[in-house]
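Asks: Model the structure of this input:
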Amino acid sequence: MRNNTIINATLIGDYCAVPLDFDMSENAAETLEKLQNIPSVEIGIVFNNKNEIFAEFYKKGTKVKVELPDSIESWSKFEGDYLNVCQQILYENNVVGKIYLKVSTSKLSQKIKSYLLTMLYLLTALLFVSYFIALGLQRILSDPILKLTKATKNISEEGNYKLRVEKIGNDEIGELVDEYNKMLAKVYERENALKQRTNQLSKTLDDLKKTQQKLIDSEKLAALGQLIAGVAHEINTPLGAIRSSIGNFKNSLKTVIKEYPNFINEIPPNSRKLFTELLEESLKNQHLLTSKEERTYKKNIIKIFDNNHIENSHYFADTFVDMMVVNNVEKYLSLLKLPNSKVLIDMAYKLTGLQRSTSNIQYATNRASKVVFALKNSSRLGHSDEQMLFNITEGIETVLTLYNNQIKQGIIVSKDYEIVPKILCNPDELNQVWTNILHNAIYAMKLKGNLDVSVYNKENYVVVAITDNGKGIPETEIAKIFDPFYTTKPAGEGTGIGLDIVKRIVKKHNGKVEVESKPGKTTFKVFLPVEVE
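Replies: This is a model prediction of the structure:
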């Protein structure tokens, strides 16, 4: 409507351009009368370039005052039920005036209202038609789909694949229901098969766990079996010392009881105090001497006795060394010059021998007790998962005690134990860890070398580091050593599950194992977490 009005205003303005230029308002008025043929135009006015009315047209005959802005530019705007349009009138490219048209929009508004009302009627009719169509389609489409959805929900919540969806028709939805029911039947069959398979796997897993535990016990028993000979030797050694000491004790005690009353009366009164000092000096020195130290002391004592003209100097020197009297022997020269000096020194040796035999028995008993206690702790096969606060250094010492027979054949053990907190663990299982790692280290060194054992704190871990100077682990094999049944030992010397057990036990304690190896140095580090409050 705006574009048509602007075109009409431009055309009429062109017809009025010549009358404006020659000031012929009658011709312009005649041109404006043509607006009668355009029903919507209410007012038409031509203005000259002085903004004065040059010619005018009022459809209803009544003049209406129209005031236009002084601007000569063209414009258009809607006000209420009217469209106002103002266009320039050009003649030979010069503005000679302007034309103003006022167009009524009421008929257009009525048409629009009529169209809207018609559309409303149509939409209402469509709404009713759609409603009834929807009611029909609901029975045909929605109800089967809703039933299908409900059945799917029930199956999902209950896991009951025996349920089936009721088929209503033989259309596409009916075919979908048939296929859905077939799918449920297959799922039900597969579910039953899966349950059976799961039960079989559970039984197999239980069997594997039992077999695994038997392998662990077998590995532990194998390690203990390798220790039996060494432990037996460790126990036989103190038992032999006890038997020997008891024999010496028995013989010496019999002699002392029989001869001591007469012997003490035969000692000159002025020598009795010195004899007592000799006994006290011997009993005070309880440390053991090496063979080299014994030879050195004997040589020096013989020289002193010879310089002082003591008869049987070699015999007395041997006895003094056996009695652990090796310093300031000059003070006892007066005893050695007595006529019965040999009897006197023999009696002193027998008297102090009673004490030495007692100390030997006590030492041997403690040694045997320590070995038996270590063996008892290590041989327990309890499978309890009960954990307790435990100082892992004690467990390491227990295992080292059991391996003492192999170690003392040519292995030098260095220990560096920091003060570490007790950790929550299963001591028996951790003892199995130290047993497997130490056994491998001793095997790698072939009973000769240096074994370093360290225990220290690092962040929130207690770390146990065991280092040997054996041949090392090849770089190509170091990633495989924790694999079950993998071993570098010859057939019959290893099961290949020792380090696998180590890894699983440490993992069970929320720890980790690290290995570093090169020729001449292999280190296993076990990190065990400390409970932080």
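Asks: what about the strands in this protein?
Replies: Residue ranges of the strands in the chain, as given by DSSP state E, are 41-48, 53-58, 75-79, 82-91, 94-104, 388-390, 411-417, 423-425, 449-458, 461-468, 512-518, 521-529.
Asks: Could you point out which of these sits nearest Asn170?
Replies: With C-beta to C-beta as the criterion, Asn170 lies closest to strand 75-79 of those, at 62.1 Å. All C-beta atoms are positioned from the backbone trio N, CA, C, and that covers glycine.
Asks: Run through the neighbouring helices and strands of that closest one.
Replies: helix 2-22, strand 82-91 (3 or more C-beta pairs under 8 Å, 6 or more residues apart in numbering; DSSP states H and E).
Asks: what residues does the shortest one touch?
Replies: Read that as strand 82-91. Applying C-beta atoms under 8 Å, 6 or more residues apart in numbering, the external contacts of strand 82-91 come out as 1-2, 5-6, 9-10, 13-14, 16-18, 20-21, 42, 46, 68, 72-78, 95-105.
Asks: do the same with stretch 167-184
Replies: Defining contact as C-beta under 8 Å, 6+ apart, one finds that stretch 167-184 is touched by 140-141, 143-145, 147-148, 155, 161, 163-166.
Asks: run the last query once more with 6 Å
Replies: 144, 161, 164-165 (C-beta atoms under 6 Å, 6 or more residues apart in numbering).
Asks: where does Asp416 sit relative to Thr319, distance-wise?
Replies: Separation of Asp416 from Thr319 (C-beta to C-beta, to the nearest Å) stands at 42 Å.
Asks: ok, Met388 - how many residues close by?
Replies: 10 (other C-beta atoms under 10 Å).
Asks: Next: Glu189.
Replies: Count around Glu189 with other C-beta under 10 Å applied: 11.
Asks: Thr522 contacts Lys471, correct?
Replies: No - in terms of C-beta atoms under 6 Å, Thr522 does not count as a neighbour of Lys471; the distance is 8.5 Å.
Asks: who's more crowded, the two?
Replies: Ranked by neighbour count (other C-beta under 10 Å), Thr522 and Lys471 place Thr522 first, with 22 against 14.
Asks: In contact with that one: list those residues for me.
Replies: Contact analysis of Thr522 by C-beta under 6 Å, 6+ apart lists 468, 472.
Asks: What of Trp75?
Replies: Contacts of Trp75 by C-beta under 6 Å, 6+ apart are Cys86.
Asks: just to revisit the earlier point, tell me the most buried of the helices and strands packed on strand 75-79?
Replies: Highest mean neighbour count among the helices and strands packed on strand 75-79 (mean count of other C-beta atoms under 10 Å): strand 82-91, with a mean of 20.
Asks: what's the angle from it to strand 41-48?
Replies: Comparing the axes of strand 82-91 and strand 41-48 via axes from the mean of the first three to the mean of the last three C-alpha atoms, to 10 degrees yields an angle of 30 degrees.
Asks: Direction included, what does strand 82-91 pair up with?
Replies: According to DSSP bridges, strand 82-91 forms sheet pairs with strand 75-79 (antiparallel), strand 94-104 (antiparallel).
Asks: do you know which of those strands lies nearest Glu397?
Replies: Minimum separation from Glu397 across these (C-beta to C-beta) falls at strand 75-79, 105.4 Å.
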